[in-house]
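K.L.:
kindly return the folded structure for what I paste below:
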Amino acid sequence: MKRSLLKKVMAVGFAAVMLCGSILFAGCKNSVPKGDISVYMPDGAPALALAKLLQEDTEVDGVSYRVVRSDLIAAQVTNKDETKNADLCVMPLTAAAKLLGSGERYTMLGAVTQGNLYLISENGNALTELSELRGKTVGVLQIDNVPGLVFKSILNKYNLEWSVTETENENAVRLEGILSASEVVKGDRFDYYVLAEPAVSVQVKKNGFSIFADLQTLYGGENGYPQAVLVAKKTLVAEKTDWVRAFVQKVTESGARLTEMTGEEIVQAVKSHLADEGAGTSLNAATLSAEALSRCGVRYSPSKECAVRANALLQDFLKIQPAVTALPKSEFYWME
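P.N.:
A predicted model of the protein is given here:
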């Protein structure tokens, strides 16, 4: 190789090394595309709604996607410095209504998930009627949050008495809280469990549990109930209405195409957009089968179609636990 050519090769190689080093030094080892418009979402099932968008994220789409721990999602819309808040954010309906329900700063574009809760048991005794839960003990995931509130609302709907404390009423459904799927144990004292996908599929396939009820159907029929919602800054909607409409269409398509992705692709898409790379993701590729994904309730429903259902759900929750959420003003819903 001639000396001049060797020098050129070495120069190109040195430049590449320096560029790579500068990227790593900047803390961008995932090389996540950045844009002017920020979209935040919590890790876990809600992130599934935008998984296809995360996978297809590019340098030229003008969007910066970030996934954060679920307990940090509220902080993305409540910063005193408005410029530091997310332009768009996926979050639980209960939190969105309570924090943003005035409709002054954010508007709810629609619901991105419609529920992913199921009643499971290891005993093989299928329920023919929900009334057969009388006298049974049910372990309920996050009993004071959405899973527990949905199940309690269903029991109320079917006029079934329930109790979270000791009761002498043998006909009451006894509820006990569990914090995570790791507390589901075969041979335990619980007759049934209320659990969320994709953890449900793990119990079915690996531990021999059976699904006895789809809580979405029991509560809201084929439409389920609005669970995670997409909110947007009102200033963004006013200034870039056409862009927002186009983005909503992309979110709709992302949800519809979720089952096209493998578990590995989903996990990689989420991992590559973590706001804190050291935090990791709670999603596990092995549990994200097409069957499990189909039961995660990922389906976009615009506010004009789900606002009434959202208010009804919130009212049911408020009857049970008044401090958990709030009933938003009509201005909160984007009705286009």
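K.L.:
all strands for the stretch 101-250 of the chain, in order.
P.N.:
106-113, 117-121, 137-141, 162-163, 173-178, 192-196, 210-214, 228-233 (DSSP state E, counting those that start in this stretch).
K.L.:
I'd like these as a markdown table, with distance to Ser272 appended.
P.N.:
Where you see a C-beta, it was placed from the backbone N, CA and C, and this is true even at glycine. Shown next, in a markdown table, are the strands of the stretch 101-250 of the chain (distance: least, Cβ to Cβ, whole Å):
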| stretch | distance to Ser272 |
| --- | --- |
| strand 106-113 | 20 |
| strand 117-121 | 29 |
| strand 137-141 | 28 |
| strand 162-163 | 43 |
| strand 173-178 | 32 |
| strand 192-196 | 24 |
| strand 210-214 | 32 |
| strand 228-233 | 21 |
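K.L.:
would JSON lines of the ones you listed with mean neighbour count, mean pLDDT and distance to Ala51 be doable?
P.N.:
Compiled in JSON lines, the strands of the stretch 101-250 of the chain are given as follows (neighbours: other Cβ atoms under 10 Å; pLDDT from 0 to 100; distance: least, Cβ to Cβ, whole Å):
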{"stretch": "strand 106-113", "mean neighbour count": "26", "mean pLDDT": "98", "distance to Ala51": "11"}
{"stretch": "strand 117-121", "mean neighbour count": "23", "mean pLDDT": "96", "distance to Ala51": "20"}
{"stretch": "strand 137-141", "mean neighbour count": "21", "mean pLDDT": "96", "distance to Ala51": "22"}
{"stretch": "strand 162-163", "mean neighbour count": "16", "mean pLDDT": "96", "distance to Ala51": "35"}
{"stretch": "strand 173-178", "mean neighbour count": "20", "mean pLDDT": "96", "distance to Ala51": "27"}
{"stretch": "strand 192-196", "mean neighbour count": "25", "mean pLDDT": "96", "distance to Ala51": "17"}
{"stretch": "strand 210-214", "mean neighbour count": "17", "mean pLDDT": "93", "distance to Ala51": "22"}
{"stretch": "strand 228-233", "mean neighbour count": "26", "mean pLDDT": "98", "distance to Ala51": "13"}
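K.L.:
where exactly do the helices run in the stretch 151-300 of the chain?
P.N.:
Counting by DSSP state H, counting those that start in this stretch, one finds helices in the stretch 151-300 of the chain at the ranges 199-207, 215-220, 234-239, 241-256, 263-271, 290-294.
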